[in-house]
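sequence and predicted model, in that order:
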Amino acid sequence: MKQTKTAQVITESVELEFVDPQGESTALEADLVFDPADPFAVTMVFRTGVQEVRWTFGRELLVEGLYEPTGDGDVHVWPCLSSNGSAVVIVELCSPDGELLVQAGSRAVNTFVGRMLAAVPDGQEAAFVDFDTELARILAD
(Lines give C-alpha, C1' and ligand atoms only; values in the text may rest on other atoms or scores of the structure.)
Protein backbone atom coordinates (compact mmCIF):
# COMPACT_ATOMS: atom_id res chain seq x y z
CA MET A 1 0.00 0.00 0.00
CA LYS A 2 1.31 3.43 -0.94
CA GLN A 3 1.81 5.86 1.93
CA THR A 4 -0.24 9.02 1.37
CA LYS A 5 0.27 12.50 2.70
CA THR A 6 -2.47 14.70 4.11
CA ALA A 7 -2.91 18.44 3.85
CA GLN A 8 -5.72 20.89 4.47
CA VAL A 9 -8.27 22.00 1.92
CA ILE A 10 -7.33 25.41 0.51
CA THR A 11 -10.06 27.94 -0.23
CA GLU A 12 -9.68 31.42 -1.69
CA SER A 13 -12.65 33.75 -2.08
CA VAL A 14 -12.48 35.64 -5.36
CA GLU A 15 -14.56 38.34 -6.90
CA LEU A 16 -15.41 37.48 -10.46
CA GLU A 17 -16.89 39.44 -13.27
CA PHE A 18 -19.24 37.53 -15.53
CA VAL A 19 -18.81 38.88 -19.05
CA ASP A 20 -21.84 38.44 -21.30
CA PRO A 21 -21.70 38.14 -25.10
CA GLN A 22 -22.24 41.90 -25.45
CA GLY A 23 -19.18 42.60 -23.27
CA GLU A 24 -21.18 43.78 -20.24
CA SER A 25 -19.97 42.52 -16.87
CA THR A 26 -21.78 41.50 -13.71
CA ALA A 27 -20.11 40.87 -10.35
CA LEU A 28 -20.15 37.31 -9.00
CA GLU A 29 -18.69 35.82 -5.85
CA ALA A 30 -16.92 32.50 -5.95
CA ASP A 31 -14.43 30.34 -4.11
CA LEU A 32 -11.47 28.55 -5.59
CA VAL A 33 -11.09 25.26 -3.71
CA PHE A 34 -8.23 22.78 -3.75
CA ASP A 35 -8.55 19.53 -1.82
CA PRO A 36 -5.27 17.58 -1.61
CA ALA A 37 -7.38 14.39 -1.51
CA ASP A 38 -8.03 15.13 -5.22
CA PRO A 39 -4.62 16.66 -6.01
CA PHE A 40 -5.03 16.90 -9.77
CA ALA A 41 -8.16 19.08 -9.62
CA VAL A 42 -9.39 22.48 -8.53
CA THR A 43 -13.02 23.48 -8.03
CA MET A 44 -14.62 26.84 -8.71
CA VAL A 45 -17.70 27.28 -6.51
CA PHE A 46 -20.06 30.01 -7.70
CA ARG A 47 -22.31 31.49 -5.01
CA THR A 48 -25.41 32.50 -6.93
CA GLY A 49 -27.65 33.34 -3.99
CA VAL A 50 -30.00 30.48 -4.81
CA GLN A 51 -27.54 27.60 -4.77
CA GLU A 52 -23.88 26.86 -5.18
CA VAL A 53 -22.70 25.84 -8.62
CA ARG A 54 -19.49 23.79 -8.67
CA TRP A 55 -17.18 23.30 -11.62
CA THR A 56 -14.14 21.03 -11.21
CA PHE A 57 -11.26 21.00 -13.67
CA GLY A 58 -7.57 20.16 -13.88
CA ARG A 59 -5.42 22.29 -11.61
CA GLU A 60 -2.73 22.59 -14.28
CA LEU A 61 -5.17 24.69 -16.33
CA LEU A 62 -5.27 27.32 -13.59
CA VAL A 63 -1.51 27.18 -13.00
CA GLU A 64 -0.61 27.50 -16.69
CA GLY A 65 -3.47 29.90 -17.45
CA LEU A 66 -1.85 32.54 -15.24
CA TYR A 67 0.87 32.92 -17.88
CA GLU A 68 -0.44 31.69 -21.23
CA PRO A 69 -3.65 30.53 -22.89
CA THR A 70 -4.39 26.93 -22.01
CA GLY A 71 -7.20 24.44 -22.10
CA ASP A 72 -8.86 22.07 -24.45
CA GLY A 73 -12.49 21.08 -24.40
CA ASP A 74 -14.79 22.37 -21.64
CA VAL A 75 -12.36 24.70 -19.83
CA HIS A 76 -10.07 27.42 -21.19
CA VAL A 77 -7.95 29.76 -19.05
CA TRP A 78 -5.79 32.68 -20.14
CA PRO A 79 -4.22 35.89 -18.83
CA CYS A 80 -5.64 39.19 -20.04
CA LEU A 81 -6.18 42.84 -19.15
CA SER A 82 -9.57 44.03 -17.97
CA SER A 83 -11.34 47.00 -19.55
CA ASN A 84 -9.67 49.24 -16.94
CA GLY A 85 -6.19 47.80 -17.58
CA SER A 86 -5.96 45.49 -14.54
CA ALA A 87 -4.32 42.08 -14.89
CA VAL A 88 -6.99 39.37 -14.86
CA VAL A 89 -7.32 35.67 -15.53
CA ILE A 90 -10.15 34.67 -17.84
CA VAL A 91 -11.89 31.35 -17.25
CA GLU A 92 -14.24 30.08 -19.94
CA LEU A 93 -16.46 27.14 -19.01
CA CYS A 94 -18.42 25.35 -21.74
CA SER A 95 -21.18 22.78 -21.35
CA PRO A 96 -24.08 21.52 -23.46
CA ASP A 97 -26.23 24.05 -21.55
CA GLY A 98 -24.11 27.04 -22.59
CA GLU A 99 -20.93 28.96 -21.89
CA LEU A 100 -19.74 31.09 -19.00
CA LEU A 101 -16.90 33.58 -19.29
CA VAL A 102 -15.61 35.07 -16.04
CA GLN A 103 -12.57 37.07 -15.10
CA ALA A 104 -10.78 37.16 -11.76
CA GLY A 105 -8.03 39.43 -10.56
CA SER A 106 -4.64 37.89 -11.27
CA ARG A 107 -3.43 38.64 -7.75
CA ALA A 108 -6.18 36.56 -6.10
CA VAL A 109 -5.68 33.65 -8.50
CA ASN A 110 -1.90 33.83 -8.07
CA THR A 111 -2.30 33.77 -4.27
CA PHE A 112 -4.52 30.68 -4.51
CA VAL A 113 -2.15 28.91 -6.92
CA GLY A 114 0.82 29.68 -4.65
CA ARG A 115 -0.95 28.21 -1.63
CA MET A 116 -2.04 25.18 -3.65
CA LEU A 117 1.48 24.50 -4.95
CA ALA A 118 2.93 24.94 -1.45
CA ALA A 119 0.53 22.26 -0.17
CA VAL A 120 1.04 19.89 -3.13
CA PRO A 121 4.07 20.77 -5.25
CA ASP A 122 3.88 20.39 -9.01
CA GLY A 123 4.81 16.83 -9.93
CA GLN A 124 4.10 15.49 -6.42
CA GLU A 125 0.35 14.99 -6.84
CA ALA A 126 0.54 11.17 -6.89
CA ALA A 127 2.03 11.16 -3.37
CA PHE A 128 -1.31 12.52 -2.11
CA VAL A 129 -3.52 9.87 -3.73
CA ASP A 130 -4.47 6.74 -1.81
CA PHE A 131 -4.72 4.43 -4.80
CA ASP A 132 -5.97 1.46 -2.77
CA THR A 133 -8.90 3.47 -1.41
CA GLU A 134 -9.68 4.93 -4.84
CA LEU A 135 -9.61 1.50 -6.48
CA ALA A 136 -11.89 0.08 -3.78
CA ARG A 137 -14.32 2.99 -4.31
CA ILE A 138 -14.36 2.47 -8.07
CA LEU A 139 -14.92 -1.27 -7.75
CA ALA A 140 -17.70 -0.71 -5.20
CA ASP A 141 -19.56 1.51 -7.68
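Sure, I can see it.

only C-alpha atoms for contact and neighbour calcs from this point on.
Fine.

ok, now how distant is I90 from T56?
16 Å (CA to CA, to the nearest Å).

who has more neighbours out of the two?
Between I90 and T56, I90 has the larger neighbour count (other CA atoms under 10 Å), namely 27 against 14.

now find how far off-centre the one helix or strand that one maps to is within its chain.
Element membership of I90, judged by DSSP states H and E, is strand 87-95. Here the centre of strand 87-95 is set off from its chain's centre by 10 Å, with CA atoms, centre = their mean, to the nearest Å.

can you report how many residues neighbour the residue nearest to V75 when sequence neighbours are not counted?
Once flanking residues are discounted, V75 sits nearest to L93: 4.8 Å by CA to CA, 6 or more residues apart in numbering. The number of residues packed near L93 is 17, by other CA under 10 Å.

returning to that earlier point: and the strand holding I90, what does it pack against?
strand 75-81, strand 98-105, helix 106-119 (3 or more CA pairs under 8 Å, 6 or more residues apart in numbering; DSSP states H and E).

who are the packing partners of the second one?
Okay, so that is strand 98-105. Packing partners of strand 98-105 (3+ CA pairs under 8 Å, 6+ apart): strand 10-19, strand 87-95.

how far away is the spatially most central residue of the chain from G85?
Compute the mean C-alpha point of the chain, and by CA atoms, centre = their mean the closest residue is V42, 4.1 Å away. To G85, V42 is 27 Å away according to CA to CA.

for E24, same thing?
From E24 to G85 the distance is 16 Å (CA to CA).

what average pLDDT does stretch 118-129 get?
On average, the pLDDT along stretch 118-129 is 74.
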